[in-house]
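K.L.:
coordinates only, sequence not included:
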């Protein structure tokens with residue numbers, strides 16, 4: 001009886017303490033309102049939703065005390081100036097792809113995607129349990145930014161072409177819309193890189209202003225109707241084994257946040273990351289089937305073309321490493337991590353996926 005009485009009083013005491021603590025906690029957490037500038041239009045819902053999801057989770061986790069409002073590309077900051085907007089404090093945070101800022105520093109691309117880099121799971125592992133996030137934070141600190149992984153697209157497609165790519169010679173003179181880093185590699189093989197906004201790709205292909213273009217993958221590409229003006233759909237997008245999208249937070253604004261809000265922000269970014277991976281994995285298979293049914297001709301880049309691209313990529317990496325100690329530091333670390341990961345993936349996922357691809361659909 002004495003023991004039961006003691007436990008009852010202890011439970012009541014604990015409940016009383018929690019009741020008293022709640023108002024004190026509420027007083028300690030201020031009401032904060034932030035704006036998030038996205039590099040993506042609302043129409044690109046899978047990738048744009050990463051910023052909206054983050055804002056939603058932060059708002060819910062803090063009972064509305066810490067509110068973030070997401071704005072699509074161009075509404076408050078131009079799509080390719082999100083880093084600048086966060087750096088100078090125009091907005092408190094942004095959702096962007098770091099390879100958009102290749103011109104500022106090619107090393108920023110390691111936070112997004114680089115030619116013959118990591119796939120989604122490898123990138124996630126490098127960021128969270130390797131040196132990836134630590135190294136990128138060292139670089140972003142010079143921009144007055146704290147960065148968080150906030151979404152992955154998965155391995156992207158190699159793009160749409162008006163004509164087949166059968167050999168390296170077919171690349172010569174090809175006007176191709178692509179990311180800047182991939183352009184630095186392919187230009188060595190005669191490609192003429194084109195920088196065109198997503199909404200302008202279709203008319204450029206239709207008019208023949210460009211010969212090909214890469215965007216993201218089936219789910220996003222289908223919306224833009226590329227299969228209607230360029231029927232050859234190539235894979236893989238070796239310049240984007242995955243695309244990591246990042247949350248940028250102004251360092252000064254971040255430092256002013258209570259520790260609880262900093263923790264919520266980190267966990268919200270992780271949750272948004274998982275949601276984006278899941279959305280792409282769920283939507284891309286059906287979108288690819290629809291594209292093929294509507295005339296898209298699926299093609300793999302020939303092995304000699306892949307080999308030639310890899311050889312040129314290695315040369316570009318060597319040249320950039322010679323110019324920038326920070327670039328070399330990040331590149332060497334990523335390559336060591338990648339080379340350690342690949343044998344395991346070939347033994348486990350590679351062999352499993354290879355076999356599962358041979359079984360009849362619907363077999364039980």
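P.N.:
Thanks, I have it. Computed from a predicted structure; not experimentally measured. Numbering: from 1, shown residues only.
K.L.:
buried ones in stretch 270-281?
P.N.:
270-273, 275-277, 279-280 (16 or more other Cβ atoms under 10 Å). Every residue, glycine included, has its C-beta placed from N, CA and C.
K.L.:
same check, this time on stretch 78-89
P.N.:
Quick answer for stretch 78-89 (16+ other Cβ under 10 Å): 79-87.
K.L.:
which residues touch the residue nearest the centre of the chain?
P.N.:
Of all residues in the chain, the one closest to the mean position by Cα atoms, centre = their mean is residue 244, 2.2 Å from it. Residues in contact with residue 244 (Cβ atoms under 8 Å, 6 or more residues apart in numbering) are 97-98, 111-113, 123, 127, 149, 151-152.
K.L.:
Filter these down to just the ones in strands.
P.N.:
149, 151-152 (DSSP state E).
K.L.:
Compare the residues you listed and tell me which is most surrounded.
P.N.:
Highest neighbour count within the ones in strands among the contacts of residue 244: residue 151, with 30 neighbours (other Cβ atoms under 10 Å).
K.L.:
shouldn't that residue be in contact with residue 270?
P.N.:
No. The criterion here is Cβ atoms under 8 Å, and residue 151 misses it with residue 270 at 10.4 Å.
K.L.:
And for residue 317, the neighbour number?
P.N.:
Residues near residue 317, counting by other Cβ under 10 Å: 21.
K.L.:
if I look at it, how far off is residue 231?
P.N.:
To residue 231, residue 317 is 33 Å away according to Cβ to Cβ, to the nearest Å.
K.L.:
What distance do you get for residue 267 to residue 96?
P.N.:
The value you get for residue 267 to residue 96, if Cβ to Cβ is used, is 20 Å.
K.L.:
Compare neighbour counts for those two and give me the winner.
P.N.:
A count of neighbours by other Cβ under 10 Å puts residue 96 above the other of residue 267 and residue 96, at 29 against 14.
K.L.:
In contact with that one, which residues are there?
P.N.:
Under the criterion of Cβ under 8 Å, 6+ apart, the neighbours of residue 96 are 38-39, 82-83, 245-246, 248.
K.L.:
One more pass at 6 Å, please.
P.N.:
Contact analysis of residue 96 by Cβ atoms under 6 Å, 6 or more residues apart in numbering lists 39, 82.
K.L.:
For it, give the beta-bridge partners.
P.N.:
Note on residue 96: beta-bridge partners residue 246, judged by DSSP bridges.
K.L.:
Check residue 176 too.
P.N.:
residue 193, residue 212.
K.L.:
Near it, how many other residues are there?
P.N.:
21.
K.L.:
Could you measure from the closest residue to residue 152 other than its chain neighbours over to residue 28?
P.N.:
Using Cβ to Cβ, 6 or more residues apart in numbering and skipping residues adjacent in sequence, the residue nearest residue 152 is residue 120, 4.6 Å away. Separation of residue 120 from residue 28 (Cβ to Cβ): 38 Å.
K.L.:
so where's the chain shaky on pLDDT?
P.N.:
1-27, 363 (pLDDT under 70).
K.L.:
how is it carved up into domains?
P.N.:
32-154+242-282, 159-241+292-340 (the TED database).
K.L.:
Of those domains, which is nearest residue 350?
P.N.:
domain 32-154+242-282 (10.9 Å; Cβ to Cβ).
K.L.:
Could you tell me the end-to-end distance of that closest one?
P.N.:
35 Å (Cα to Cα, to the nearest Å).
K.L.:
Before I go, just wanted to say thanks for your time.
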